[in-house]
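Undergrad: Would you be able to build a 3D model of this:
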Amino acid sequence: MTRLAPGDRLDLLVGLGNGFDVSKSGEAPLLIGGGVGLPPLYRLCEDLTAQCKAVQVIMGFNTKSEIFYRQEFEALGAKVLVTTADGTAGQKGLVTDGMAGLAYSYFYACGPLPMLRAIEGVAQTGGQYSFEERMGCGFGACMGCTCQTRQGPRRVCREGPVLLREDVVW
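TA: Residues are numbered from 1 along each chain as shown. Model (predicted):
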């Protein structure tokens, strides 16, 4: 790609799966991200703050040196809480610890599976999970990225990566 000139065409397979549905957010959505789960939430935060929503963000990291995107989320007008497992920055603990006592209308979460599973145990509203899953083929043939839902198995690469909280079977 470094050899491409402006205007060169690429033949790409993109746009598989789905994204977050912002129509369900309510007035005070909560975005919960763990590590590399934060970049997809940044774009979502842009959309929600453009709609004048009172966005709260909980960012989870292992340690202070891993923190990124805090200032970018704050620049959008989001209220940000950082949690670190070792307590070197923000609130010591996990993102679920940061959720305690927060009032929010709906949640959106993206991060590792153990984090998503833990959120399911404490969430107080409807929400959407964006699954980080290894994908063998990336277009639905291998079934390697399957997640169990109330409607049967769903492929993260095709019917996901975003699934509704009420659909996921943990």
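
Undergrad: Can you give the domain ranges for this protein?
TA: Split into domains by automatic domain parsing, the chain comes to 25-132, 133-170.

Undergrad: worst average pLDDT in those?
TA: Of all the domains of the chain, mean pLDDT reaches its minimum on domain 133-170 (a mean of 91).

Undergrad: Now do the buried residues in it.
TA: Of all the residues in domain 133-170, those buried under the rule 16 or more other C-beta atoms under 10 Å are 133, 135, 140, 145-147, 149, 154-163, 165, 168. To be clear about C-beta, it is placed using only N, CA and C from the backbone, and glycine gets the same treatment.

Undergrad: So which residue is dead centre in the protein?
TA: Centroid-nearest residue in the chain, with C-alpha atoms, centre = their mean: residue 110, separated by 2.3 Å.

Undergrad: secondary structure element for that one?
TA: Counting by DSSP states H and E, the element that carries residue 110 is strand 106-111.

Undergrad: Let me see the ranges of the helices in the chain.
TA: Secondary structure of the chain by DSSP state H: the helices cover 38-50, 70-75, 95-99, 113-122.

Undergrad: Now do the contacts for the nearest residue to residue 143 once chain neighbours are set aside.
TA: Spatial nearest neighbour of residue 143, excluding adjacent residues (C-beta to C-beta, 6 or more residues apart in numbering): residue 155 at 6.5 Å. Applying C-beta atoms under 8 Å, 6 or more residues apart in numbering to residue 155 gives the contacts 140, 143, 145-147.

Undergrad: Having no further points to raise, I will conclude here.
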